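Participant: Pasted the sequence and its predicted model underneath.
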Amino acid sequence: MDGLILTDINELVTCRGDAPRKGRAMADAGIVRKGCVVIEGDRIAAAGPVDDVIHEYNPNYYKIIDCSSNAVLPGFIDSHTHFVFAGHREEEFSMRLAGSTYMEIMASGGGIASTVASTRLASLEKLVELGKSRADSMISFGLPPSKEKVVTVSTLTMSSSSSGR
């Protein structure tokens, strides 16, 4: 078997389009019901409705996975993360979907400045608590053991720093 076919996908999120979406257009994730994805090597060869895609590929050359009770979506990548921070900005996504620009979000009190301010106002104890919670969450999602050690050491370091205050 040289490839993989994900078939009968309950919801296939394609994000198809000619350009990145902005504002209200981001609300359309290009969802295909009963979708199919064909993967050959390290690339997606085809994606779309199963009836439009599957007949083009010989199943003898692919591992087939039935995804009838699953959603399949792109592996979105955030170029960075902050392990310790305070404040949240989830509501900003809704604002972006409604058409607000980043500058409008900042003018309303959101944006990166809001989480920087929240982090500065948070006590060290609160930041340690948030860090521990995120570490527990990361480990529960199957973080590889080598990374678990880094997270655990970081958390213990933060904990010992806060208890010494």
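Facilitator: Yes, it's here.
Participant: what secondary structure does residue 12 sit in?
Facilitator: Secondary structure assignment for residue 12 (DSSP: H, G, I helix; E, B strand; the rest coil): strand.
Participant: Now do the same for it: its pLDDT.
Facilitator: Looking at residue 12, its pLDDT reads 95.
Participant: check contacts around it.
Facilitator: Residues in contact with residue 12 (CB atoms under 8 Å, 6 or more residues apart in numbering) are 31, 32, 33, 35, 36, 37, 47, 48, 71, 72, 73. Quick note: C-beta positions are derived from backbone N, CA and C, even for glycine.
Participant: among those, which ones are buried?
Facilitator: Buried members of the contacts of residue 12, counted by 16 or more other CB atoms under 10 Å: 32, 35, 36, 37, 47, 48, 72.
Participant: quick one: which of the residues you listed sit in strands?
Facilitator: 32, 35, 36, 37, 47, 48, 72 (DSSP state E).
Participant: Could you double-check that the fifth one lies in contact with residue 35?
Facilitator: Right, the one you point to is residue 47. Yes: proximity of residue 47 to residue 35 meets the contact threshold set by CB atoms under 8 Å, at 7.0 Å.
Participant: List the residues that are in contact with both of those two.
Facilitator: Joint contacts of residue 47 and residue 35 (CB under 8 Å, 6+ apart) are 12, 14.
Participant: so how far is stretch 48-66 off the chain centroid?
Facilitator: Relative to its chain's centre, stretch 48-66 lies at 26 Å (CA atoms, centre = their mean, to the nearest Å).
Participant: Show me the contact partners of it.
Facilitator: 1-9, 12, 14, 32-36, 38, 45-47.
Participant: What subset of those residues is buried?
Facilitator: Neighbour-count burial (16+ other CB under 10 Å) is assigned, among the contacts of stretch 48-66, to 3-9, 12, 14, 32, 35-36, 38, 45, 47.
Participant: Show me the domain layout of the chain.
Facilitator: 3-72, 80-122, 123-165 (automatic domain parsing).
Participant: mind giving me a markdown table with the contacts of residue 12 and columns for distance to residue 116?
Facilitator: Putting these into a markdown table (distance: CB to CB, whole Å) gives the following:
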| residue | distance to residue 116 |
| --- | --- |
| 31 | 35 |
| 32 | 39 |
| 33 | 41 |
| 35 | 40 |
| 36 | 44 |
| 37 | 39 |
| 47 | 39 |
| 48 | 42 |
| 71 | 34 |
| 72 | 35 |
| 73 | 30 |
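Participant: ok, which pair from those residues is furthest apart?
Facilitator: Maximum pairwise distance among the contacts of residue 12 (CB to CB): 15.4 Å, between 48 and 71.
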